[in-house]
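Participant: Dropping the sequence and predicted coords here.
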Amino acid sequence: MVSYSSLLESAHRVGRALHSIGDPQLVEGVAADVAVELAAVESAELGALSGRSQQAVLLSREDASPVQVAAADQLLQQDPFGPDDLFRGIDPTAASVAAAHWLAAAAEVTGEASGLDPTRVVLEADNIEELPHESPTLVLGLINDGVSPYDAVTSLVRHAMQVTDGVLPDPTALREQLDDLHETLARHSGEEEPDLTDVALRLTPLDPQRPACDLLEDLLTGIHGCWLLHSEYENLDHDESDDVEEWDDARAELEQNRSRERFAELVRDTATRHRARLI
């Protein structure tokens, strides 16, 4: 009998191989290892990523453990730009939820300094340094509309996972994308019916093979972009005799670190003030 489920059939193939070998000790060892693996999955579902459970940092899930979100929030409290531990010990969907909250705080700080709409600051920062601005800008817009960081992140990850499975989750939104694309091409080409033959349209702003990890990277890059723009408007206290062009590399690096730390403190204060949206 061959199972229609590829997952069950893979398990049956292992069982058939063990049956053919006929070694009781080997069967016992494989069964024990499977039990350890299942326990690791259960542990990851509860938000405890240690030992084998740490494999979950490479996967994308549609939901996020509150325990993991809280752990990610603590790491971002230490370093709002995103410490390495955020990628090593936190489920990427949960880490993205916390990062979305901190990105919104960074955007608010930057908006106050620049006078720009906070939902547009990452897009504006792209003029300073090339950034993956689409998904951070989308998340900022959702949060600005009252959507929680959890719902904003999980909806994007879920959408990308459905695209990976070959499903078109929102045909209405796709129709709107096509209409916008048609309008844009018509405006630039001057043709009422522009040729769409060689035009590609992305169904998701995320990498469908690793949507949660990709979103986390984009959100943290968005925070970096907020700092870039904030530093452009920052009122640095320099003596009149200071000539920025004469700074050596060490002085420039020192001033950059100071600027990042000042920005980080402002973001911490703002994130703490709006903590209710994360819970």
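Facilitator: Cool, got the structure.

Participant: so which helix or strand takes in Leu215?
Facilitator: Here Leu215, judged by DSSP states H and E, is contained in helix 211-233.

Participant: go on, Arg13?
Facilitator: Per DSSP H and E, Arg13 falls inside helix 6-21.

Participant: can you check Leu156 too?
Facilitator: In this structure, Leu156 sits in helix 149-164 according to DSSP H and E.

Participant: which other residues reach that helix?
Facilitator: Outside of helix 149-164, the residues that reach it under the criterion CB atoms under 8 Å, 6 or more residues apart in numbering are 60-64, 69, 93, 96-98, 100-101, 104, 135, 138-139, 142-143, 168-170, 203-209, 211-212, 215, 277-278. C-beta: built from backbone N, CA, C; applies to glycine.

Participant: So among those, which ones count as buried?
Facilitator: The neighbour-count criterion (16 or more other CB atoms under 10 Å) marks 60-61, 64, 69, 93, 96-98, 100-101, 104, 135, 138-139, 142-143, 169, 203-208, 211-212, 215, 277-278 among the contacts of helix 149-164 as buried.

Participant: ok, Glu193 - contacts?
Facilitator: Each residue near Glu193 by CB under 8 Å, 6+ apart is listed here: Ala186.

Participant: For it, grab phi and psi.
Facilitator: Torsion angles at Glu193 (phi, psi; degrees, to the nearest 10) stand at phi -120, psi 80.

Participant: Next one: it from Leu185, what distance?
Facilitator: 10 Å (CB to CB, to the nearest Å).

Participant: and if you look at Asp214?
Facilitator: As judged by CB to CB, Asp214 and Leu185 stand 27 Å apart.

Participant: any idea where the helices of the chain begin and end?
Facilitator: Using DSSP state H, the helices found in the chain span residues 6-21, 24-45, 66-78, 85-88, 92-114, 121-125, 134-144, 149-164, 171-189, 211-233, 249-273.

Participant: need these in CSV with distance to Ser53 and mean pLDDT, can you?
Facilitator: Output for those, formatted as CSV (distance: least, CB to CB, whole Å; pLDDT from 0 to 100):
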stretch, distance to Ser53, mean pLDDT
helix 6-21, 20, 92
helix 24-45, 4, 87
helix 66-78, 11, 93
helix 85-88, 12, 88
helix 92-114, 13, 96
helix 121-125, 33, 96
helix 134-144, 27, 96
helix 149-164, 20, 94
helix 171-189, 35, 80
helix 211-233, 16, 95
helix 249-273, 28, 90
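
Participant: Same list, these, but as JSON lines with distance to Gln54 please.
Facilitator: Formatted as JSON lines, the helices of the chain follow (distance: least, CB to CB, whole Å):
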{"stretch": "helix 6-21", "distance to Gln54": "22"}
{"stretch": "helix 24-45", "distance to Gln54": "8"}
{"stretch": "helix 66-78", "distance to Gln54": "12"}
{"stretch": "helix 85-88", "distance to Gln54": "8"}
{"stretch": "helix 92-114", "distance to Gln54": "12"}
{"stretch": "helix 121-125", "distance to Gln54": "30"}
{"stretch": "helix 134-144", "distance to Gln54": "25"}
{"stretch": "helix 149-164", "distance to Gln54": "20"}
{"stretch": "helix 171-189", "distance to Gln54": "35"}
{"stretch": "helix 211-233", "distance to Gln54": "14"}
{"stretch": "helix 249-273", "distance to Gln54": "26"}
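
Participant: for these, which one sits closest to Arg52?
Facilitator: Nearest of the helices of the chain to Arg52, taken as CB to CB: helix 24-45 at 3.6 Å.

Participant: Buried residues, the closest one. List them.
Facilitator: Of the residues in helix 24-45, 40, 43-44 count as buried by neighbour count, 16+ other CB under 10 Å.

Participant: could you check the angle helix 66-78 makes with it?
Facilitator: Going by axes from the mean of the first three to the mean of the last three CA atoms, to 10 degrees, helix 24-45 is angled at 60 degrees with respect to helix 66-78.

Participant: what's helix 24-45 packed up against?
Facilitator: Secondary-structure packing of helix 24-45 (3 or more CB pairs under 8 Å, 6 or more residues apart in numbering; DSSP states H and E): helix 6-21.

Participant: How far does the helix it packs on sit from its chain's centre?
Facilitator: How far helix 6-21 lies from its chain's middle: 37 Å, per CA atoms, centre = their mean, to the nearest Å.

Participant: and the helices of the chain, which is most packed in?
Facilitator: Stretch with highest mean neighbour count among the helices of the chain: helix 92-114 (a mean of 28; mean count of other CB atoms under 10 Å).
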